[in-house]
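1. sequence first, then the predicted structure, then my questions.
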Amino acid sequence: MRGVTRAVAMLAFAVAPLWAQEEDEGGRSIRLEATGDLFVRLEAVRDAPNPLTRDFERARLRMRPGLEALLSEGRLVFGAGLLASMASDSNEDNEIRLDNFVSDDLAIDRAYVRVTAPEAPVSGTAGMFETPFSGTEVLWDRDLRFIGANAGWELPAGAMTAQRLLGAFSIGSQNHEDESVVAAARWEAEAGAGISLGAAMWAFGNTDALVEAGLARTNRLAPGGQDLLSDFQVVNLTVGWERLGARRPFRTRLDLLYNFGADDLRTGGDLRVDWGELQEAGTWRLRLVLQRIEQDATLAAFGGDEWWFRTRQRGGRLSFGFALARNAILEASWIHQRRDDLDEWLDRAFIDLAILL
């Protein structure tokens, strides 16, 4: 699968400049658009439970430049992107610090084809691409890529103001493994009065490949330690509400998790509250996130790595973001969390600069 995505990426990079010089049958030029971002992070961790990396600081730089070629008025898109990163720690530190990234790396980040039907509200993507789901990062770290395909349908509004259905699958989406399988479907709707609703089902398979790659993390192991104890068929229910005030919007969102593949320790919740919005230069946002995730509520291998413990944990995150420009955000964050079987709390702080292309 990874060989296929590399081939798609090289083909897209090689052919896209040639497409840009041509015109389609209607005489309209094919358009090229830059994509990606630049990300700088300063990080400090205190009281991590691993004695090999209990207290530390590090700096990270990540660049993800990319290119999209849009044909047929944007209904056909070829995209590709690279990832280049460096950090003050070594690649050997990533495993003991439970990272979803490689500190010093040069790799393909995106390689995909996206098609939108000309008459129907249907679209599909195949290759290596960003997650199409807007749910909680407890389920999926947004820096991880889907390697597979997805499809989306804009449904008739019915009793809602808007509805959408998404489906996707991925194979081998974590570092150092290429056999795990993820399949997910999600329904989203806007109900009016600022209310949004969502329901999703995530199914994870071939989890023994994750255990073999050292990615069991906070999930329980089966006897013998070759696979996880629980299966993972996780339902995610979402309810959100927003109030667009005259000066600053207020938004809140609650995600609930229930794993039907586990006999116990199978529930979780993620509450996010935002005041303010990051748009033009000078705007700001204050965010609070509270989490309580039982040990097998979801698969820990794919959870957001800003939280040291993905499951079997409780904690909160407070952050303040400031827009330096429309495409440049400076944000400071503090995470305070505890693993269920420990008495000591872990503290983690970030200062992030993100620039979007």
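-> That came through fine. Residues are numbered from 1 along each chain as shown.
2. these two touch, right, residue 183 and residue 169?
-> Yes: in this structure residue 183 lies within contact range of residue 169 using C-beta atoms under 8 Å: 4.4 Å. Just so you know, the C-beta spots here come from the backbone N, C-alpha and C atoms, and that holds for glycine as well.
3. hang on, residue 215 packs against residue 301?
-> Yes: between residue 215 and residue 301 there is a contact at 4.1 Å, judged by C-beta under 8 Å.
4. the more surrounded of these two?
-> A direct count of neighbours by other C-beta atoms under 10 Å for residue 215 and residue 301 places residue 301 higher, at 30 against 22.
5. next up, phi/psi of that one, please.
-> phi -60, psi -30 (degrees, to the nearest 10).
6. let me see the contact set for it.
-> Residue 301 is in contact with 174, 180, 207, 210, 215-217, 219, 310, counting by C-beta atoms under 8 Å, 6 or more residues apart in numbering.
7. returning to what we had before: identify the contacts common to residue 215 and residue 301.
-> Common neighbours of residue 215 and residue 301 (C-beta under 8 Å, 6+ apart) are residue 174.
8. re the thing from before, which of the contacts of residue 301 sit farthest apart?
-> By the measure C-beta to C-beta, 180 and 310 form the most distant pair in these, at 15.0 Å.
9. between the two, which one's more packed in?
-> Between residue 180 and residue 310, residue 310 has the larger neighbour count (other C-beta under 10 Å), namely 27 against 24.
10. from residue 185, how far out is that one?
-> Counting by C-beta to C-beta, to the nearest Å, the gap from residue 310 to residue 185 is 22 Å.
11. next one: residue 93
-> 36 Å.
12. what separates residue 205 from residue 316, distance-wise?
-> 32 Å.
13. ah, wrong one, I meant residue 339
-> Counting by C-beta to C-beta - residue 339 and residue 316 are separated by 14 Å.
14. these two: which is more packed in?
-> Each of residue 339 and residue 316 has its neighbours counted (other C-beta under 10 Å); residue 339 has more, 19 against 14.
15. not counting its neighbours along the chain, what's nearest that one?
-> residue 309 (4.9 Å; C-beta to C-beta, 6 or more residues apart in numbering).
16. tell me who's in contact with that neighbour.
-> 218, 315, 337-339, 346.
17. what about it, distance to residue 193?
-> For residue 309 relative to residue 193 (C-beta to C-beta), the value is 36 Å.
18. then residue 279?
-> 23 Å.
19. when those two are compared, which one has more neighbours?
-> residue 279 (12 against 9).
20. find the nearest non-adjacent residue to the more buried one, please.
-> Once flanking residues are discounted, residue 279 sits nearest to residue 323: 6.4 Å by C-beta to C-beta, 6+ apart.
21. that's a strand at the one you found, yeah?
-> Yes: counting by DSSP: H, G, I helix; E, B strand; the rest coil, residue 323 is part of a strand.
22. what's across from it in the sheet?
-> Residue 323 forms beta bridges with residue 329, as assigned by DSSP bridges.
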